[in-house]
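Chemist: all I have is the shape, not the residue letters:
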């Protein structure tokens, strides 16, 4: 039974008394705290042979409580004050603070923190005490705080530093992905693996479930595998990443949609692709053939004179009149007629005897000229032939 002065030990210790079978009295600590660091002794009260109450004390023993100095545990957002006391020499120098982060690979120096200075006459030196107050962030995980005398940062014994910080922070920096990363999957895919990664301290735990069946947990890891890729496994898959700090749950949720095409759609897509490529092939082939035909026709046209509707075909290539189509301008026909008449006139002149009088010749020329003046040119060669 604990006295009133020992109630702070309630629930943390076990006491055993001396009995008829045991001469040892014990005090066992199950949970040790810093305030338990003190001197302890055992006081024994008993009756002697005369029935008188006797009092006997044991020698004192001290319990030293050692904390785990491997790290300093801080929740994210806490404001912490560090105190540094040391000999700063004469004349007195300043105490400088520095926070170094291995993960961030950077350091921050605080050189304007106030110090309380105190002279130590017997040492011909000064002592100073300085405080640094900072707020703890997630990025301070594994960071350290150093305190050193100005210009003595690398001198042995002239600086002190804390152990690395252990910063508790809720889940952050979450990323969702899936492999292979496709908009739609077919049954040729052997496996689909969605993955959700988050950062936190303590490390986050994960729960996977499907949107249409939240009661069924698919996985408690940061990823899971869909091995049987069939259409009814399409849907939205949700993952919760969470951790617990001071009995509070901090949670981050994200989702990924997986679409698996039915087998019939896959067949249709394949057929459509085949038909499309066949049509493209035929169109290209037809275009090529049409181009070849036009090239052949153009060559034939350049070799053979075109046949004009309503005009006689060329029978004698050496006959100029037969080469000229009937749709040429009338002036060419008139010149041709004039040439023919002049030819006839010349021929008649040659047939007249030399001893004829001039009157007969003149009358013949007059007859020919009169006949030429009475001649009315036709509108086209085709009409004249008609």
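Modeler: Arrived safely, thanks for sending. Predicted, not measured: the structure shown is a model, and the values here were computed from it.
Chemist: residue ranges of the strands in the stretch 1-150 of the chain, please?
Modeler: For the stretch 1-150 of the chain, applying DSSP state E, counting those that start in this stretch gives strands covering 13-16, 26-29, 39-40, 43-47, 53-57, 61-62, 72-75, 79-87, 95-101, 106-110, 115-120, 125-135, 143-149.
Chemist: okay, the angle between the last one and strand 95-101?
Modeler: Same thing as strand 143-149. Interaxial angle, strand 143-149 versus strand 95-101 (axes from the mean of the first three to the mean of the last three C-alpha atoms, to 10 degrees): 160 degrees.
Chemist: neighbouring strands of the next helix or strand along the chain from strand 143-149 in the sheet, and parallel or not?
Modeler: Using DSSP states H and E, the next helix or strand after strand 143-149 towards the C-terminus is strand 159-161. The sheet places strand 159-161 alongside strand 143-149 (antiparallel), with pairing taken from DSSP bridges.
Chemist: domain parsing for the chain?
Modeler: As given by automatic domain parsing, the domain ranges for the chain are 4-62, 72-163, 170-261, 266-293, 327-385.
Chemist: make TSV from those domains and add mean neighbour count and mean pLDDT to it.
Modeler: All C-beta atoms are positioned from the backbone trio N, CA, C, and that covers glycine. Converted to TSV, the domains of the chain look like this (neighbours: other C-beta atoms under 10 Å; pLDDT from 0 to 100):
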stretch	mean neighbour count	mean pLDDT
domain 4-62	10	83
domain 72-163	15	88
domain 170-261	15	91
domain 266-293	10	65
domain 327-385	11	46
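Chemist: could you measure from residue 49 over to residue 58?
Modeler: Residue 49 is 22 Å from residue 58, where distance means C-beta to C-beta, to the nearest Å.
Chemist: can you check residue 76 too?
Modeler: Taking C-beta to C-beta, one finds residue 76 at 48 Å from residue 58.
Chemist: residues contacting the longest strand along the chain, please?
Modeler: The longest strand of the chain (DSSP state E) is strand 165-179. For strand 165-179, contacts defined as C-beta atoms under 8 Å, 6 or more residues apart in numbering pick out 71-76, 136-138, 140-144, 192-202, 204, 239, 241-243, 245, 250-252, 254-256, 258.
Chemist: so which of the strands of the stretch 1-150 of the chain gets nearest residue 220?
Modeler: strand 72-75 (25.6 Å; C-beta to C-beta).
Chemist: tell me which stretches of this protein form helices.
Modeler: Using DSSP state H, the helices of the chain run over 263-303, 320-323, 330-351, 358-374, 381-385.
Chemist: OK, contacts around residue 137?
Modeler: 76, 77, 167, 169.
Chemist: which residue packs closest to the third one, ignoring adjacent ones?
Modeler: What that stands for is residue 167. Nearest non-adjacent residue to residue 167, counting by C-beta to C-beta, 6 or more residues apart in numbering: residue 141, 4.5 Å away.
Chemist: need the max-distance pair from the contacts of residue 137.
Modeler: Among the contacts of residue 137, the pair separated by the greatest distance (C-beta to C-beta) is 77 and 167, at 9.7 Å.
Chemist: pull up the overlap in contacts between these two.
Modeler: Contact criterion C-beta under 8 Å, 6+ apart; residues shared by residue 77 and residue 167: 136, 137.
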